[in-house]
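Participant: need a 3D model of the following:
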Amino acid sequence: ASKALTERSSFVAMHLMKREISYLIADAEHPLVCTDKLRDELLLYNIPTHSLAQMFTQFKQLCNKDLDESSSLQELSGGQKVILMALLAIHSPAPRIRFINLKRYLDPHNSAALQELIYSGAKEIIEEVLL
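Facilitator: Coordinates of the predicted model:
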């Protein structure tokens, strides 16, 4: 059952990400879809296994909190959820990401550090602030 879920999730994510005009939407007002374990969110974003260690290290550096696949998403603060959402988007295979209201939900220090990570890759990025 787990393999079927992974294949199904990956197919939808990869199909949507391959479209020429599609962007992965990362909205800070609704940072996470899942409410239980991080592993569920990892499936939705189709995070490659080889990216997990780097993503967990980046989260630790920004939030001073350890994460792993079995971490409970309910234990994260609002800002930590926004940072996790951004890191998930960065480490996803999506070539284009549209961040919405990202800076509104982060303190200046974390916002600057996250901006550096976001723009250090080769992804096409759009940032919007919606009122």
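
Participant: not counting its neighbours along the chain, what's nearest the residue minimising distance to the centre of the chain?
Facilitator: Centroid check for the chain by C-alpha atoms, centre = their mean gives Leu88 as the closest residue, at 2.2 Å. Setting aside the residues directly before and after it, Leu88 is nearest to Tyr45 in space (C-beta to C-beta, 6 or more residues apart in numbering), at 4.4 Å. No exception for glycine: its C-beta is placed from N, CA and C like everyone else's.

Participant: next structured bit after the helix or strand the residue nearest to the centre of the chain falls within?
Facilitator: Element membership for Leu88 (DSSP states H and E) is helix 78-91. Downstream of helix 78-91, the first helix or strand assigned by DSSP H and E is strand 96-100.

Participant: that next one packs against which elements?
Facilitator: Other helices and strands packing on strand 96-100, by 3 or more C-beta pairs under 8 Å, 6 or more residues apart in numbering; DSSP states H and E, are strand 24-27, helix 78-91, strand 124-128.

Participant: so how far is that strand from its chain's centroid?
Facilitator: Mean-position distance between strand 96-100 and its chain equals 10 Å (C-alpha atoms, centre = their mean, to the nearest Å).

Participant: for the residue nearest to Leu88, phi and psi?
Facilitator: Per-residue torsions, Tyr45: phi -90, psi -10 (degrees, to the nearest 10).

Participant: so what's the residue count around it?
Facilitator: By other C-beta atoms under 10 Å, 24 other residues sit near Tyr45.

Participant: now do the contacts for it.
Facilitator: 13, 88-89, 91-92 (C-beta atoms under 8 Å, 6 or more residues apart in numbering).

Participant: any chance of JSON lines for those, columns distance to Asp27 and pLDDT?
Facilitator: Formatted as JSON lines, those follow (distance: C-beta to C-beta, whole Å; pLDDT from 0 to 100):
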{"residue": "Ala13", "distance to Asp27": "16", "pLDDT": "58"}
{"residue": "Leu88", "distance to Asp27": "12", "pLDDT": "97"}
{"residue": "Ala89", "distance to Asp27": "10", "pLDDT": "97"}
{"residue": "His91", "distance to Asp27": "18", "pLDDT": "96"}
{"residue": "Ser92", "distance to Asp27": "15", "pLDDT": "96"}
